[in-house]
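**Q** Sequence and predicted structure below; questions after.
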Amino acid sequence: MAFEIVATGHYVPANRVTNDDLARTIDTSDEWIRSHTGIGSRHVAAENEASSDLAFQAALNALEQLSPGNPMEAAQTIDLVVVGTSSPDYYGFPSCACIVQDKLKLEKIGAFDVVAACSGFVYSLDAAAGMLRHGRKRALVIGTDVLTKITDWSDRGTCVLFGDAAGAAILDKTDAPEEGPGRRGIIRSILGSEGAGAQELMCERGGTRNPYKAGETLDKGIVLSMNGQAVYNFAVRAFTDTIQDLLDLEGLSVDDVKKIIPHQANMRIIRAAARRLKIPEDKFFMNIEKYANTSNATIPVALDEYARSGDLQRGDLIMTVGFGGGLTYAGNLMVW
Ligand code: COA
């Protein structure tokens, strides 16, 4: 029994905002953003677009691969929806996954969100695979975020980093072997957390710790805050360790891996990890230049772009690696 991705899809909102566009409203420049992050532009959701809207479009894009011209028909084969998101449509409930389930006209299936910040899609894949083991056949796994709606647009230390997107994968339980020769699907996942670093990247207001009080005026609204240097140091360490641990646990070398699909937070984080691990940079699939950090969406969007590039063949070994608020880190090793 194997747990394999059989289709992928993604969606980005139409509105593309370049670094030069940002430099017209805050004290920054295209040169600074590119040299410090590798980001060239990001896509920003429309006022009436929320995370579930992006997620639904990404899901349709993936389902279209299974049933060209009739994605809603393919949707009826799904019996589990798992959504990784840090910016659900509503605080607490309903989950984004329930809204997606309704948009897809699904009934009598489980649907829930996973909150693991930018590691959320990797966590969600592992959670879904575990749940497929117990009776279910096909899961829709989505990473979606509209962080631009919880970003302080006057803080140049954070607002230049983020964008909006969603990516989706259809995960099937198949008869392929999970171990030994010809093995396929997710063969190993690492999930990690370091809650002691929670305050380094957080949305401090709006929860039950610091609730919004009636009549209160919030200068910046409910926005995320970050200690950039601390997150950077954590990210390089966690990212490097996760790759090395996945390889060691399976007795593999990096040469066995065709591509690493990393969380796209900062090109410098990837470069620093590549140097430490002595991995060539082209081992990593990167699209941060176009989309910036879309949190839960970076890995499924990159996976979809890579899968559609023609370079990814059946039998190839690939790895996803995420890290983010929580602090969390995670990786999946899978045979395509
Ligand atoms: N444009 C221009 N200048 C900026 C700027 C911007 N957008 N943001 C910060 N600066 C300035 C700072 O004010 C500072 O100026 P000063 O030296 O006059 O005080 C200078 O650039 C250096 O700031 P610093 O914060 O030390 O930069 P950095 O090299 O650490 O880069 C980050 C900042 C945010 C890019 C980097 O810390 C980072 O990538 N951290 C990880 C963030 C991340 O990936 N988060 C998500 C994880 S999922």
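**A** In hand now; what should we look at?

**Q** where do the strands sit along this structure?
**A** 2-11, 15-18, 41-44, 80-84, 110-114, 138-146, 164-174, 185-193, 201-203, 224-226, 259-262, 317-324, 328-335 (DSSP state E).

**Q** of all those, which gets the most neighbours per residue?
**A** Comparing the strands of the chain by mean neighbour count (mean count of other C-beta atoms under 10 Å), strand 138-146 ranks first with a mean of 32. For every residue, glycine as well, the C-beta is placed using N, CA and C.

**Q** Might you report the residue contacts of residue 172?
**A** 3-6, 132, 137-139 (C-beta atoms under 8 Å, 6 or more residues apart in numbering).

**Q** and it, bridged to which residues?
**A** Counting by DSSP bridges, residue 172 forms beta bridges with residue 4, residue 138.

**Q** How much space separates it from residue 129?
**A** Residue 172 sits 10 Å away from residue 129, going by C-beta to C-beta, to the nearest Å.

**Q** Find the residues that touch each one of those two.
**A** With C-beta under 8 Å, 6+ apart as the test, residue 172 and residue 129 both reach 3, 139.

**Q** Pull the most distant pair out of the contacts of residue 172.
**A** The distance between the two most remote of those (C-beta to C-beta) is 14.1 Å, for 5 and 137.

**Q** on that earlier part again, any chance of the strands of the chain in TSV, plus mean pLDDT and distance to residue 303?
**A** Below are these laid out as TSV (pLDDT from 0 to 100; distance: least, C-beta to C-beta, whole Å):
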stretch	mean pLDDT	distance to residue 303
strand 2-11	97	6
strand 15-18	98	21
strand 41-44	98	18
strand 80-84	98	13
strand 110-114	98	17
strand 138-146	98	10
strand 164-174	97	7
strand 185-193	97	12
strand 201-203	96	23
strand 224-226	96	25
strand 259-262	98	5
strand 317-324	98	7
strand 328-335	98	10
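
**Q** Tell me the one of the contacts of residue 172 nearest the ligand?
**A** The nearest member of the contacts of residue 172 to the ligand, counting by C-beta to the nearest ligand atom, is residue 5 at 22.9 Å.

**Q** doesn't residue 170 make contact with that closest one?
**A** Yes. Judged on C-beta atoms under 8 Å, residue 5 makes contact with residue 170 at a distance of 6.7 Å.

**Q** for the stretch 201-336 of the chain, which spans come out with low pLDDT?
**A** Residues of the stretch 201-336 of the chain meeting the criterion pLDDT under 70: none.

**Q** Which parts of it are helices?
**A** 228-250, 267-277, 288-291, 298-308 (DSSP state H, counting those that start in this stretch).

**Q** Of all those, which one is nearest the ligand?
**A** Closest among the helices of the stretch 201-336 of the chain, using C-beta to the nearest ligand atom: helix 228-250, at 3.0 Å.

**Q** Any residue of that closest one touching the ligand?
**A** Yes. Under the criterion of C-beta under 6 Å from any ligand atom, the ligand is reached by helix 228-250 at 228-229, 231-232, 235.

**Q** Looking at residue 180 now. What's its pLDDT?
**A** At residue 180 the predicted local distance difference test score is 88.

**Q** What are the buried residues along stretch 53-73?
**A** 53-66, 71 (16 or more other C-beta atoms under 10 Å).

**Q** ok, which pair from those is furthest apart?
**A** 53 and 66 (21.2 Å).

**Q** quick one: contacts for residue 270?
**A** Residue 270 touches 239, 262, 281, 284, 286, counting by C-beta under 8 Å, 6+ apart.

**Q** how does it look with 7 Å?
**A** By C-beta atoms under 7 Å, 6 or more residues apart in numbering, the residues touching residue 270 are 262, 284, 286.

**Q** how about those in CSV, adding distance to residue 80?
**A** Below are the contacts of residue 270 laid out as CSV (distance: C-beta to C-beta, whole Å):
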residue, distance to residue 80
262, 26
284, 30
286, 31
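
**Q** Which one of those is nearest to residue 32?
**A** residue 286 (19.2 Å).

**Q** and the stretch 101-250 of the chain, which of its residues are near the ligand?
**A** Going by C-beta under 6 Å from any ligand atom, the residues of the stretch 101-250 of the chain near the ligand are 118, 156-157, 160, 226, 228-229, 231-232, 235.
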